[in-house]
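**Student:** with the input below, show me the fold.
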Amino acid sequence: MTQFEQVYREYFSDVYAYILRLSGSADVAEEITSETFFKALDAIDGFRGDCEIRVWLCRIAKNCYFSHLKRSKRFSPLEAEAEPVSAASVEGLLVENSEAERVRSALHLLPEPYKEVFMWRVFAQMSFRRIGEIFGKSENWACITYHRARKMIIAKMEDDNDE
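**Tutor:** This is a model prediction of the structure:
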């Protein structure tokens, strides 16, 4: 077991409980906790030890949660809109559909297992633990693979915007 896997096993429940208290949603808590450990894995070399690792992880989790809230406000469900249908709202729907098509196009360019892990997570809403079991890998592997796939999709979409 790697040192990071040990940190993951030791602190996962603490970070999850913290985000669950903040969000009130088990689904959000699972997603944010997984994102937290993915970001922590990328930043572990920068951890200076100025505070307890649990505190450092909770700071990352809090920032991930606030980013999640900002994204949620930008992409509120259509059912929540109380506006009558207008040309502007129809145009907005076309833009959203265009964005969804760009995501699908970027997704299909991903190599395996990134594409499959991303699809299990997003479309089947499967837990990282279950995805790991499907591939005969760990929950941590599934989380990291999903977040790498997400980064690849975002990078592809940003590249397309630059063209």
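**Student:** flag the shaky bits of this structure, pLDDT-wise.
**Tutor:** 1, 74-100, 124, 161-163 (pLDDT under 70).
**Student:** all helices for it, in order.
**Tutor:** Assigned by DSSP state H, the helices in the chain fall at 3-23, 26-43, 53-74, 87-108, 114-123, 128-135, 139-162.
**Student:** now these in a markdown table, with mean neighbour count?
**Tutor:** No exception for glycine: its C-beta is placed from N, CA and C like everyone else's. Formatted as a markdown table, the helices of the chain follow (neighbours: other Cβ atoms under 10 Å):
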| stretch | mean neighbour count |
| --- | --- |
| helix 3-23 | 16 |
| helix 26-43 | 19 |
| helix 53-74 | 15 |
| helix 87-108 | 12 |
| helix 114-123 | 18 |
| helix 128-135 | 17 |
| helix 139-162 | 17 |
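**Student:** tell me who's in contact with the residue nearest the centre of the chain.
**Tutor:** Nearest residue to the geometric centre of the chain (Cα atoms, centre = their mean): E35, 5.3 Å. By Cβ atoms under 8 Å, 6 or more residues apart in numbering, E35 lies in contact with C64, H147.
**Student:** switch the cut-off to 10 Å
**Tutor:** I19, I60, A61, N63, C64, Y65, S67, H68, C143, Y146, H147, R150 (Cβ atoms under 10 Å, 6 or more residues apart in numbering).
**Student:** for T33, same thing?
**Tutor:** Applying Cβ under 10 Å, 6+ apart, the residues near T33 are 8, 11-20, 57, 61, 64-65, 128, 143.
**Student:** for the nearest residue to F47 once chain neighbours are set aside, give its distance to D50.
**Tutor:** The spatially closest residue to F47, leaving aside those adjacent along the chain, is W56, at 6.0 Å (Cβ to Cβ, 6 or more residues apart in numbering). Taking Cβ to Cβ, to the nearest Å as the measure, W56 falls 8 Å from D50.
**Student:** before we move on, what about A17?
**Tutor:** On the measure of Cβ to Cβ, A17 and D50 end up 23 Å apart.
**Student:** swap in L69?
**Tutor:** 27 Å.
**Student:** let me see the contact set for E158.
**Tutor:** Counted by Cβ under 10 Å, 6+ apart, E158 has contacts A106.
**Student:** could you measure from it over to S67?
**Tutor:** 17 Å.
**Student:** domain ranges for this structure?
**Tutor:** Domain ranges of the chain: 1-75, 87-163, per automatic domain parsing.
**Student:** now the last one: how far from the chain's centre is it?
**Tutor:** This means domain 87-163. 9 Å (Cα atoms, centre = their mean, to the nearest Å).
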